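In: Based on what follows, work out the 3D shape:
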Amino acid sequence: MPDRVHAILVVRPEGRTPAANHLRRTLAALAAQTRRVDALTLVLCGPDAELTRLAAESGAEGVITASAGTSFATATALATPRLTGDTIWLLAQDTAPDPEALERLAGALELSPPLVVAAPKLVDWDDRDLIRSLGVSMNRYGGSVELAAGELDQGQRDRDSDVLGADVRGLLVRREAWVALGGLDPALGGADEGLDLGVRARLAARLVAVVPSARVAVAGDGVAAMARGRRRARRRAFATRTAQLHRRLAYAPAPAVPLHWLSFLPLAVWRTFVHLVTKMPHRVLPEWGATLLVMARPTAVARARRRIRAQRNVGWSRIAPLRVSRAEMRGRWQGDVGDPDAPIRSELRFFVGGGAWAVLGALAVSVAVFAPLLAWPVLGGGALAPLRANVAQLWQDAAWGQRPLGLDAIGPADPFSAIVAVVGTLSPGDPSRAFVVLWVLALPLAVLGGWFAATRVTESSLLRIVAATAWALAPTFLAALVEGRPAAVLAHLFLPWLFYTAAVAHRSWAPAAAASILLAAVLACAPSLAPAAVVLWCAALVVVALVAGRGVARVVWLVIPSIVIFAPLVWAQVRSGNAWGLLADPGVPFAGAEASADPIGRALLAAGFPTSDPGGWASLLGHPVWWVGLLVAPLAVLAVLSVLTPRWITASGLIVITATGLATAFAAVGIAVSFDDAVAVPLWAGSGLSLAWVGLVGAAVVALDAGIPHRARVLRPIGGIAALLALAVAVAPALTAQLADAGDRSVLTNGPVSTLPAFVAAEGRGSLSIGTLVLDPREDGLHVEVVWGGSETLSGQSTLRATRTSADEQDRQLAALAADLVSPSTDDVVSRLAERGIGFVLLASAPSAQNDVVLGDRLGAASSLDQRDLLDPVGETSRGDLWRVNTDVAPRPPLDDHRAGVQRLVALGSLGVLVVALLLAVPTAASRRIARRTPRIVGPTPGGSHG
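Out: Numbers count the residues shown, from 1 in each chain. Next comes the predicted model:
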């Protein structure tokens, strides 16, 4: 047995538990050793009065003080000159050895002279039956691998002794080997120190072994090795990656070192991708920090290589058998089955539970009621407009830069333009056809989304179908379909999927990332929901922080993509002094039959009807109706009763969603922030009602699911079907408004293919650089617009333009051009048009009813245009009288370097955050395995589980 044992005890005043408590237990354990240490040196890292007192009373032969940032490796180096024994025992404040630990470690060194490092079995500080570490090895890439961490100690590892390395805590090292090897490497950053010491000892033809009978309890404060806990995950990832990269350069053959160094940056890019896909975004910044740090420390690498070269007596092949093979790593990964007592997710039962049949039934109904649309190439009417002729132009409209409307407008696109581009891309040969298909598939898509959203609140197949049908029959959804509101239709289709993912966003990164994308899509379609989204997000953040205790970062992420995507538009609106314009509905400004702000209108809103014609009954019967709102009462009563059920917590959350949606609708009604020429266009209150409908249907399902006793379960289908029948009656006229014999109860039309004459549409089909000046004489004056490309399109609309309250410099220039053009003038105004890239002039068709003043203005404008030598009359078209500029037309001026840089920056920011979100949203085997251990429904259940 070694003659003298010198213990080095490193203490730092940090950790979750006061360091003094741990130090007392460690000192007491040292005093209780059957083989007492011969000398004790304390290294106190950081000032602390209590620790200083304990150190003075410990009987240590010396106390060394160091700064609070001193690492464990540096602290042991400070104590090395004081060593007087034959062996060194490395301890920290949170390492409490069993009474026989030192005796058994020293006995192992005595029995085997080649053995220079003896490691104990590290067990949990509070649960001594849980192994924290029993040997460390490396995989083929140099990453450290714990051989037994997290296992229950049942003696299954007590026969293992020969290891590559071990956790640095509790190591007993021969002094001559310690000095020869140079102690611990401080460049490792506090990770893999024991492993690195073991590798160097093995290369020096010495042995390293674990002594399972010697047990040391560790708390994981982080003084030595890595601290445990979720809050220190980033620090742990940084230190571990730093140690791995440093060891890679230190262990590599000399010719390979530059190649490894050059590979670090590409490797960091690849590992960033891997971290996002594997749902570990907290490792991205540590990855880059560790990479840059190791690349910037060639001196530390050279020092480590000299240390190995000075003592190396054998080749790397001697330690190869002690590495963990790929097969062993695969077996470890496959064997990670998690907690066997965790709740197991039930089967989805989409097909066997009737969900697929409900979708097919909705498809059949949709084909029947929207049959005329199947023959239409383009959907028009209401807020609808044609799309671009090809996908490239669609995405050009969605990018920051030159706008398709205006003389030379440059700025951000509405995020809704990107949604339109995505939909149009699904039909690349004819993008406009995509919205025709969308209208036909809207009902089955709503049923599909509603069914999946219902899986978060009930396990009953019947109630899921009830919820899905109720979602598809929402009055606000059918009103949006009948009035031709594409943004409102898409928002209603996105909302159930947002609920489906956001409800479990705190559980894992996959649903959180998916929910963040869906939230951006919902807000792009319905910006008026932004205040409600912020309120619900803040509430979710508080609940997760106080109740769940984890997942706060995932909830925070929910709004990050929306913030990045909307930032250019927010900046532009705020700079223009029109922040309220951010709430404007995107797309073509359209003032339909919205409910008014009077008591009757608010009553209709409270019943879920966003228009003054509830469910289309007033148009069908020819007079106002009051009883339609009562047909929604069964659903509302069930929602209210849900708070009296055993699942009242879930029901209360759904009621909060309902209240937030209703408050949004009430606030929106009667408020106008955008304009169709000089006509104010109020906000669409239906978006708030769609949000309220999520909570209303969910709460009603909770009432049917948890509020009816099992012995009276027959009442569930009766209650659900009765509520659906009442709802179906309420919306029947709106549902059938598109049938051939329905009259004019729908504003949907076949086309137009283009808002400009066919001649211009053909010229502008392949280019957005051809401009058309549209002149439209009206009673309130001459309306002037410049349209670029072959048509005014849905993706080319801009809320920034529609919400202006005053004329800007471009408006004044355009007004001057138009005034000169339609009045006798000697100025060569047509040449000025050509210099601006405008190749056509259209005098819009006169309305069927016009007064003499408007007729005179139109005739005067036509006469003036005919007299222009540089304008060739094309003739009368269905859109009006058309002239073509017969001089050289300059192309539309491109963006200057500054604006081109802004365009690239905006594109990179939006695409970057979406790529990150998509990578996080991609499910992996690990994320699916975690999902199977959690219940499908959310919130406390009568059985006691939580989601």
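
In: what's the longest helix in the chain?
Out: As assigned by DSSP state H, the longest helix anywhere in the chain is helix 897-921.

In: what does that helix rub up against?
Out: Applying CB atoms under 8 Å, 6 or more residues apart in numbering, the external contacts of helix 897-921 come out as 273, 276-277, 279, 281, 399-401, 410, 412, 418, 509-514, 516-517, 557, 560-561, 564-565, 567-568, 894-895. From N, CA and C alone the C-beta is placed, and that goes for glycine too.

In: quick check, V216 in a strand?
Out: Yes. Using DSSP: H, G, I helix; E, B strand; the rest coil, the assignment for V216 is a strand.

In: Leaving out the residues flanking it, which one is nearest to it?
Out: G170 (4.1 Å; CB to CB, 6 or more residues apart in numbering).

In: list the contacts for G796?
Out: Contacts for G796 (CB under 8 Å, 6+ apart) come out as R388, D397, R403, P404, L405, S417, W788, G789.

In: if we can go back for a sec, the residue nearest to V216 reaches D94, doesn't it?
Out: No. Using CB atoms under 8 Å, G170 makes no contact with D94, being 10.8 Å away.

In: what's the burial count for A108?
Out: Neighbour count for A108, taken as other CB atoms under 10 Å: 22.

In: could I get the helix or strand encompassing it in PDB with only the CA atoms?
Out: Assigned by DSSP states H and E, A108 falls within helix 101-111. Taking C-alpha atoms only, helix 101-111 is exported to PDB below (Å, rounded to 0.1, in the frame of the first residue of the first chain):
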ATOM      1  CA  ALA A 101     -13.000   4.100  -0.400                       C
ATOM      2  CA  LEU A 102      -9.400   5.200   0.000                       C
ATOM      3  CA  GLU A 103      -8.300   1.900   1.500                       C
ATOM      4  CA  ARG A 104      -9.600   0.000  -1.600                       C
ATOM      5  CA  LEU A 105      -8.300   2.500  -4.100                       C
ATOM      6  CA  ALA A 106      -4.800   2.400  -2.500                       C
ATOM      7  CA  GLY A 107      -5.000  -1.400  -2.300                       C
ATOM      8  CA  ALA A 108      -5.600  -1.600  -6.000                       C
ATOM      9  CA  LEU A 109      -2.500   0.500  -6.700                       C
ATOM     10  CA  GLU A 110      -0.400  -1.700  -4.300                       C
ATOM     11  CA  LEU A 111      -1.500  -5.000  -6.000                       C
END
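
In: Neighbouring strands - and their directions - for whichever helix or strand comes after it?
Out: As assigned by DSSP H and E, the chain's next helix or strand after helix 101-111 is strand 115-124. Strand 115-124 has its sheet partners listed here by DSSP bridges as strand 131-133 (antiparallel), strand 172-174 (antiparallel), strand 207-218 (parallel).

In: could those strands be laid out in TSV, adding distance to V534, mean neighbour count and mean pLDDT?
Out: Formatted as TSV, those follow (distance: least, CB to CB, whole Å; neighbours: other CB atoms under 10 Å; pLDDT from 0 to 100):
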stretch	distance to V534	mean neighbour count	mean pLDDT
strand 131-133	43	24	87
strand 172-174	58	25	92
strand 207-218	44	23	90
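
In: Using JSON lines, please lay out those together with distance to L727.
Out: Output for the strands paired with strand 115-124, formatted as JSON lines (distance: least, CB to CB, whole Å):
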{"stretch": "strand 131-133", "distance to L727": "59"}
{"stretch": "strand 172-174", "distance to L727": "76"}
{"stretch": "strand 207-218", "distance to L727": "62"}
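
In: From A510, how far off is R933?
Out: 14 Å (CB to CB, to the nearest Å).

In: if we can go back for a sec, mind listing the shared neighbours of G170 and D94?
Out: Contacts common to G170 and D94, judged by CB under 8 Å, 6+ apart, are V218.

In: in the stretch 101-250 of the chain, which spans are helices?
Out: Taking DSSP state H, counting those that start in this stretch, the helices of the stretch 101-250 of the chain run over residues 101-111, 175-181, 193-203, 233-251.

In: looking at those helices, which is buried most?
Out: helix 193-203 (a mean of 26; mean count of other CB atoms under 10 Å).

In: separation between the residue nearest to N851 when sequence neighbours are not counted and D857?
Out: Excluding the flanking residues, the one nearest N851 by CB to CB, 6+ apart is E779, at 6.8 Å. Distance of E779 to D857, computed by CB to CB: 9 Å.

In: between those two, which one's more packed in?
Out: Higher neighbour count among E779 and D857: D857, with 18 against 10, using other CB under 10 Å.

In: Following element in sequence after the worst-scoring helix or strand of the chain on mean pLDDT, please.
Out: Least confident helix or strand of the chain, by mean pLDDT, DSSP states H and E, is helix 326-334 with a mean of 66. Downstream of helix 326-334, the next assigned helix or strand under DSSP H and E is helix 355-369.

In: could you give me the average pLDDT of that next one?
Out: What helix 355-369 shows for mean pLDDT is 93.

In: Repeat that for stretch 538-555.
Out: Mean predicted lDDT for stretch 538-555 stands at 86.

In: Which of the strands paired with strand 115-124 sits closest to W684?
Out: strand 131-133 (58.9 Å; CB to CB).

In: chain center to the closest one: distance?
Out: Between the centre of strand 131-133 and the centre of its host chain there is 36 Å, according to CA atoms, centre = their mean, to the nearest Å.

In: Residues in contact with that strand: which ones?
Out: Around strand 131-133, the neighbours that count as contacts under CB under 8 Å, 6+ apart are 121-124, 146, 148-153, 157, 166-167, 169, 218, 220, 225.

In: Recalculate using a threshold of 7 Å.
Out: K121, L122, V123, D124, E146, A148, A149, E151, D153, D167, V218 (CB atoms under 7 Å, 6 or more residues apart in numbering).

In: Can you add distance to T887 and give those residues back as JSON lines?
Out: Shown next, in JSON lines, are the contacts of strand 131-133 (distance: CB to CB, whole Å):
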{"residue": "K121", "distance to T887": "91"}
{"residue": "L122", "distance to T887": "87"}
{"residue": "V123", "distance to T887": "90"}
{"residue": "D124", "distance to T887": "86"}
{"residue": "E146", "distance to T887": "79"}
{"residue": "A148", "distance to T887": "85"}
{"residue": "A149", "distance to T887": "80"}
{"residue": "E151", "distance to T887": "85"}
{"residue": "D153", "distance to T887": "91"}
{"residue": "D167", "distance to T887": "83"}
{"residue": "V218", "distance to T887": "86"}
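
In: Name the member of those residues with the most neighbours.
Out: D167 (30 neighbours).

In: show me the residues around that residue that make contact.
Out: D167 touches A119, L122, S133, V136, G194, A225, counting by CB under 7 Å, 6+ apart.

In: how about 10 Å then?
Out: For D167, the contacting residues are 90, 95, 119-122, 132-136, 144, 146, 149, 192-195, 210, 216, 218, 224-226, by CB atoms under 10 Å, 6 or more residues apart in numbering.

In: Surely S596 forms part of a strand?
Out: No. Per three-state DSSP, S596 lies outside any strand segment and is coil.

In: Hmm, it is touching P610, no?
Out: No. With contact defined as CB atoms under 10 Å, S596 does not reach P610; the gap is 11.2 Å.

In: overlap in contacts of the two?
Out: With CB under 10 Å, 6+ apart as the test, S596 and P610 both reach L604, V669.

In: returning to that earlier point: quick one: which of R933 and A510 has more around it?
Out: Just comparing R933 and A510: by other CB under 10 Å the higher neighbour count belongs to A510, 23 against 16.
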